[in-house]
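**Q** What shape does this take:
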Amino acid sequence: MTEKTTAPDPLADIAHLADAADSAHAEQTAAAVPAAQAARQEPTQADQLAAILLTVGSMGGIRFPSLKAVYTEERCRAHAEALAPALERMGVTLNHGETMMWVGAAGSVFMLLMETRTAIIHDLKAEQAEQGAKPAAPIPGQVVASAPAADAGQPAEGVHAQMGLYQ
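**A** Modelled structure (predicted):
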């Protein structure tokens with residue numbers, strides 16, 4: 001009769017190693033979680049305010065590059081540390097980052113609207129140049145490099161010409 005020999009299961013030999021690794025990992029994770037929680041502190045009012053100032057300045061710097069020199073991290077931190085006590089005294093809280101989310105979103109939308117306005121003005125001027133038409137009067141708030149001197153006896157062209165649309 002032939003004797004049947006069963007080969008040892010290779011997975012059984014390493015199963016205890018996997019169990020040991022899992023338990024060591026669990027111990028390390030359990031020890032690391034309280035240390036990470038202890039190291040992480042809630043941002044202070046000044047921290048949040050500095051982040052808001054820096055965000056607003058950075059967004060403004062997209063349109064007006066000279067603002068990047070005004071809204072530096074150091075300046076925003078200094079102003080935030082000066083403003084935070086006054087805000088706390090008035091009872092204003094920044095909701096631990098929630099306010100930052102809304103300020104960032106509003107600033108981003110505002111900057112997008114400004115860029116949209118600039119692009120539309122540029123396109124309108126390009127269309128007028130292609131048609132050979134006289135450029136339209138500047139849009140209120142638009143900076144014009146050189147405007148012709150107005151004749152005191154004649155009304156300004158832009159507003160009065162537009163008034164004809166309403167008659």
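
**Q** quick one: residue 64 from residue 58, how far?
**A** Distance of residue 64 to residue 58, computed by CB to CB, to the nearest Å: 11 Å. C-beta here means a position set from N, CA and C on the backbone, and glycine is covered the same way.

**Q** Can you pick out the residue with more neighbours from the two?
**A** More neighbours surround residue 58 than the other of residue 64 and residue 58, with 16 against 11 (other CB atoms under 10 Å).

**Q** The more buried one: helix or strand, and which one exactly?
**A** Using DSSP states H and E, residue 58 maps to helix 45-63.

**Q** who does that helix touch, helix- and strand-wise?
**A** On a contact count with 3 or more CB pairs under 8 Å, 6 or more residues apart in numbering; DSSP states H and E, helix 45-63 meets helix 67-70, helix 73-90, helix 98-131.

**Q** quick one, the second one and helix 45-63 angle?
**A** Between the axes of helix 73-90 and helix 45-63, defined by axes from the mean of the first three to the mean of the last three CA atoms, to 10 degrees, the angle is 130 degrees.

**Q** How about residues contacting helix 73-90?
**A** 44-51, 53-54, 57, 93-94 (CB atoms under 8 Å, 6 or more residues apart in numbering).
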